[in-house]
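> sequence plus the predicted model coming up.
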There are 2 protein chains.
Amino acid sequence: MGRTRSSSPTISEVAAAAGVGRATAARTLGGYGYVSDEMRERVLASAEALGYRANQLARSVSTGVSHTIGVVVADISNPFFGGVVRGVSEIASARGFDALVISTYEHFEDEIAAMNVLVDKRVDGIILSSAACDPASTAHLQLARERGIPLVLLDRLIPGIELDAVVIDNRTAARTATGELIAAGHARIGFVWGPPTPARPSFRRDLVDAAARNLWSDGERLMGYLDALDDSGLPLDPDLVAVGEKTEAHTYDEVMRMLALADPPTAFFCTETDALTGTLHALRDSGVAIPSQASVIGFDDSSWAAVMEPPLTMVEQPMLDLGRRAAELLLGRIDGDGDGEEAPTQLELPARLIQRASVAPPR
Amino acid sequence: MGRTRSSSPTISEVAAAAGVGRATAARTLGGYGYVSDEMRERVLASAEALGYRANQLARSVSTGVSHTIGVVVADISNPFFGGVVRGVSEIASARGFDALVISTYEHFEDEIAAMNVLVDKRVDGIILSSAACDPASTAHLQLARERGIPLVLLDRLIPGIELDAVVIDNRTAARTATGELIAAGHARIGFVWGPPTPARPSFRRDLVDAAARNLWSDGERLMGYLDALDDSGLPLDPDLVAVGEKTEAHTYDEVMRMLALADPPTAFFCTETDALTGTLHALRDSGVAIPSQASVIGFDDSSWAAVMEPPLTMVEQPMLDLGRRAAELLLGRIDGDGDGEEAPTQLELPARLIQRASVAPPR
């Protein structure tokens, strides 16, 4: 690391070295206005030789665009969000934008802090997978709007709030997956996981109410499960719905509880990766074979699911497309599509059931 | 979203509402200097009532600390980096810092752009998992040092560069895993994956040279594999080393090629998650049973590896600890530990071999 000069050369120095006027150098290095190809090449060659780099902060004040977008997601260690961020980055990068990602790990206070940081860092737009469940918890979104920063919700709507959004059709996906188990002959289907209430609701209405007070996407998957039961005239047994903390360890405990019931489930629908691995560990530790003793369908297809024994039937979410479409929508808003007064755009992408070998008739 | 005021109240307005002097309000809201508990509470209550929020950008100019760190990683959709970032965020969050994460997807130009963005956004420090392989490619690191921004390398050293760093002892981990296969009786062990050279090196020296020109961590794992062969006096067969593009799809092709050799490998050591899933798909499609027909050891233990049939023997990397230690080291530098002149701190964390059921003697 031999270079020791402590400051970047000025635009004027670059212009002098390139033998062009300062305005030409400024246009080239600032990325605005017309510059001939020949001039551009000379300026860029001099800039590189001198080690020039733009003061992007100053530039963002003058042009109003810093070429960064913020992405706030629940948990970057969840492969689902890893895939979504990859899709966002792909589109952003192709347009010369950098994506700054903040993980909130489902802590609402961290989401508020993340929004504040991104607004303060003057990003040009924000993609947010929010933990907010009602309009009363959206003051931090209002802040971005006040500053004129476009905002796109990702993966999760906030009931009562109309904003640009790109989500999955979770309800239809859950209805299809549960229907697949019912079509195979199952009537007692464990739903892993339900709302994070500490106490198990005894009635359908209480379960639906609890889901409505929590994450939109989780609630939609529960509604799809109920839709499928209704389609076939099957009753809901609240004992077959996992509730409480959304972790692999707690899922394990809930599935062990269900397996100990007098009339245990013969199939499981697992709505997250951690719910699936927790269920698989519980079934293995209980000596329950898949699919001869219990059928399983998971959510969020991964490469490893196809090499399990048996290969797992899975709901595949279009993670990359979800991220790409959100980035395209956001960059369109940054470009000035619409005047901010028209109705928000809400896209709902379909999920696909991939049939493999983990579903069979009950014994 | 009822609030419509377009700007935050000033510090003077907060001071007036709290009945304190402007300096007291400024110290409280800026987080510097002494303020009594009682005064602090009055200021914070007024600030909250008025909807005051600090202009952190202005504050960072005056105090020099913006309470954000940048994290540049290769690929956030890789569960390894997901876990590492979780560890970083945990420590940063506890200290009131937000972590802004940028993924480079192993594109070196994107790494340079990411460093520039973070420097321009005036983060207080940067944790970097670099794709740079030699000192000639580190001008973008020099930039951070010129600006006085502490930098900690994560997971990957850059040979010839002395910087603070936290890494895994990859060489010992690979030597242990390969030794486990040799101890079970294997002499022909596929190494997935080797250096990303398009042509397969025919000689050990060429292979080692190619590894040295590429990622440090990958090279260390190859050296550990060679160490284990040497320990037992086994020859290297370059045909058993996967080379080329580091993707699951290409791994699949390389393993299929090895299985078609006249004397195919009886065991595989897979040094990444994608290398492991690619290998598992190739073995399944070829009807090769684990462990009776081929033994397998993977790198980066995941919950699903323990519920495979058979459960997989894996190298477990301490991902969370890696992130935590890097964040602690960086925050220490931001606090001013050392004067920047002493020798860098380089921590090497051990990885652990978790023995399950995917290793058996060759047929």
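In hand now; what should we look at?

> sec struct for the residue lying closest to A:Val123 once chain neighbours are set aside, please.
Excluding the flanking residues, the one nearest A:Val123 by Cβ to Cβ, 6 or more residues apart in numbering or on different chains is A:Gly70, at 4.3 Å. In this view, the C-beta of every residue, glycine as well, is placed from N, C-alpha and C. Assigned with DSSP: H, G, I helix; E, B strand; the rest coil, A:Gly70 falls in the strand class.

> and A:Ile334, what does it touch?
Neighbouring residues of A:Ile334 by Cβ atoms under 8 Å, 6 or more residues apart in numbering or on different chains: A:65, A:69, A:124-125, A:150.

> any idea how far chain B is from it?
16 Å (Cβ to the nearest Cβ, to the nearest Å).

> A:Ala249 too?
A:Ala249 sits 10 Å away from chain B, going by Cβ to the nearest Cβ.

> again, but for A:Thr172
26 Å.

> quick check: closest non-adjacent residue to that residue.
A:Thr172's closest residue in space is A:Gly224 (Cβ to Cβ, 6+ apart), at 6.5 Å.

> about what we covered before: for A:Cys270, state which of the contacts of A:Ile334 is nearest.
A:Cys270 has its nearest neighbour among the contacts of A:Ile334 in A:Ile69, at 32.4 Å by Cβ to Cβ.

> thinking that closest one is in contact with A:Lys121, fair?
No: counting by Cβ atoms under 8 Å, A:Lys121 is not a contact partner of A:Ile69; they are 10.8 Å apart.

> list the contacts of the residue lying closest to A:Phe80 once chain neighbours are set aside.
Setting aside the residues directly before and after it, A:Phe80 is nearest to A:Asp300 in space (Cβ to Cβ, 6+ apart), at 5.0 Å. Counting by Cβ under 8 Å, 6+ apart, A:Asp300 makes contact with A:79-80, A:272-273, A:276, A:314-317, A:319.

> which one of those has the most neighbours?
A:Leu276 (28 neighbours; other Cβ atoms under 10 Å in any protein chain shown).

> what separates that residue from A:Asp301, distance-wise?
Relative to A:Asp301, A:Leu276 is positioned 10 Å away (Cβ to Cβ, to the nearest Å).

> can you show me the strands along the stretch 151-300 of chain A?
A:151-154, A:165-168, A:189-192, A:267-270, A:295-299 (DSSP state E, counting those that start in this stretch).

> and those, which is most packed in?
Comparing the strands of the stretch 151-300 of chain A by mean neighbour count (mean count of other Cβ atoms under 10 Å in any protein chain shown), strand A:267-270 ranks first with a mean of 29.

> run the chain-centre distance for that one.
23 Å (Cα atoms, centre = their mean, to the nearest Å).

> does that strand come close to chain B?
No: applying Cβ under 8 Å from any Cβ of the partner chain, one finds strand A:267-270 out of contact with chain B, separated by at least 12.3 Å.

> what packs against that strand?
In this structure, strand A:267-270 packs against helix A:170-183, strand A:189-192, helix A:273-285, strand A:295-299, with contacts taken as 3 or more Cβ pairs under 8 Å, 6 or more residues apart in numbering or on different chains; DSSP states H and E.

> tabulate these (TSV), appending mean pLDDT.
Output for those, formatted as TSV (pLDDT from 0 to 100):
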stretch	mean pLDDT
helix A:170-183	98
strand A:189-192	98
helix A:273-285	97
strand A:295-299	98
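
> buried ones in the strand or helix carrying A:Val119?
Element membership of A:Val119 [criterion: DSSP states H and E] is helix A:108-120. By 16 or more other Cβ atoms under 10 Å in any protein chain shown, the buried positions in helix A:108-120 come out as A:110-120.

> got it, and stretch A:214-232?
Buried residues in stretch A:214-232, counted by 16+ other Cβ under 10 Å: A:214-229.

> returning to what we had before: what is in contact with A:Ile69 and A:Lys121 at once?
Both A:Ile69 and A:Lys121 are contacted by A:Leu100, under the criterion Cβ under 8 Å, 6+ apart.

> okay, the two: which has more neighbours?
A:Ile69 (29 against 25).

> how close does that one sit to B:Ser93?
Counting by Cβ to Cβ - A:Ile69 and B:Ser93 are separated by 22 Å.

> what of A:Ala131?
15 Å.

> which sections of the stretch 201-350 of chain A are below the confidence cut-off?
A:337-342 (pLDDT under 70).

> tell me the contacts of the spatially closest residue to A:Arg356 that is not a sequence neighbour?
Closest residue in space to A:Arg356, ignoring its immediate chain neighbours: A:Pro311 at 3.9 Å, by Cβ to Cβ, 6+ apart. Residues counted as contacts of A:Pro311 (Cβ under 8 Å, 6+ apart) are A:305, A:356-358.

> JSON lines for the residues you listed, including secondary structure and neighbour count?
Listed next are the contacts of A:Pro311 as JSON lines, based on DSSP: H, G, I helix; E, B strand; the rest coil; neighbours: other Cβ atoms under 10 Å in any protein chain shown:
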{"residue": "A:Ala305", "secondary structure": "helix", "neighbour count": "21"}
{"residue": "A:Arg356", "secondary structure": "coil", "neighbour count": "16"}
{"residue": "A:Ala357", "secondary structure": "coil", "neighbour count": "14"}
{"residue": "A:Ser358", "secondary structure": "coil", "neighbour count": "23"}
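
> mind putting those residues into a markdown table with distance to A:Gly332?
Below are the contacts of A:Pro311 laid out as a markdown table (distance: Cβ to Cβ, whole Å):
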| residue | distance to A:Gly332 |
| --- | --- |
| A:Ala305 | 34 |
| A:Arg356 | 38 |
| A:Ala357 | 42 |
| A:Ser358 | 40 |
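
> all helices for the stretch 1-150 of chain A, in order.
Along the stretch 1-150 of chain A, counting by DSSP state H, counting those that start in this stretch, helices occupy A:11-18, A:22-30, A:37-50, A:56-63, A:79-94, A:108-120, A:139-146.

> scratch that, the stretch 251-363 of chain A is what I was asking about
A:273-285, A:319-334.

> export those helices to JSON lines and append columns for distance to B:Ile11.
Shown next, in JSON lines, are those (distance: least, Cβ to Cβ, whole Å):
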{"stretch": "helix A:273-285", "distance to B:Ile11": "45"}
{"stretch": "helix A:319-334", "distance to B:Ile11": "31"}
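
> who's the residue nearest to A:Val123 bridged to?
Beta-bridge partners for A:Gly70, by DSSP bridges, are A:Leu100, A:Ile126.

> tell me if I'm right that it and A:Ala92 touch.
No: judged on Cβ under 8 Å, A:Gly70 makes no contact with A:Ala92 at a distance of 10.6 Å.

> overlap of the contact sets of those two?
Between them, A:Gly70 and A:Ala92 share the contacting residues A:Ala99, judged by Cβ under 8 Å, 6+ apart.

> rewinding a little: tell me the most buried of the helices of the stretch 1-150 of chain A?
Buried most deeply of these, by mean count of other Cβ under 10 Å, is helix A:79-94, with a mean of 23.

> tell me the contacts of the residue lying closest to A:Tyr252 once chain neighbours are set aside?
Spatially, and ignoring its direct neighbours in sequence, A:Tyr252 is nearest to A:Gly278 (4.4 Å; Cβ to Cβ, 6+ apart). A:Gly278 sits next to A:192, A:247-252, A:254-255, A:270 when contact means Cβ under 8 Å, 6+ apart.

> follow-up on the earlier one: okay if I get the helices of the stretch 1-150 of chain A as CSV plus distance to B:Thr172 and mean pLDDT?
Listed next are the helices of the stretch 1-150 of chain A as CSV, based on distance: least, Cβ to Cβ, whole Å; pLDDT from 0 to 100:
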stretch, distance to B:Thr172, mean pLDDT
helix A:11-18, 49, 81
helix A:22-30, 48, 68
helix A:37-50, 41, 79
helix A:56-63, 42, 42
helix A:79-94, 28, 94
helix A:108-120, 36, 91
helix A:139-146, 46, 88
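
> can you redo those as JSON lines with distance to B:Ala74?
As requested, these are exported to JSON lines (distance: least, Cβ to Cβ, whole Å):
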{"stretch": "helix A:11-18", "distance to B:Ala74": "32"}
{"stretch": "helix A:22-30", "distance to B:Ala74": "29"}
{"stretch": "helix A:37-50", "distance to B:Ala74": "25"}
{"stretch": "helix A:56-63", "distance to B:Ala74": "23"}
{"stretch": "helix A:79-94", "distance to B:Ala74": "12"}
{"stretch": "helix A:108-120", "distance to B:Ala74": "23"}
{"stretch": "helix A:139-146", "distance to B:Ala74": "30"}
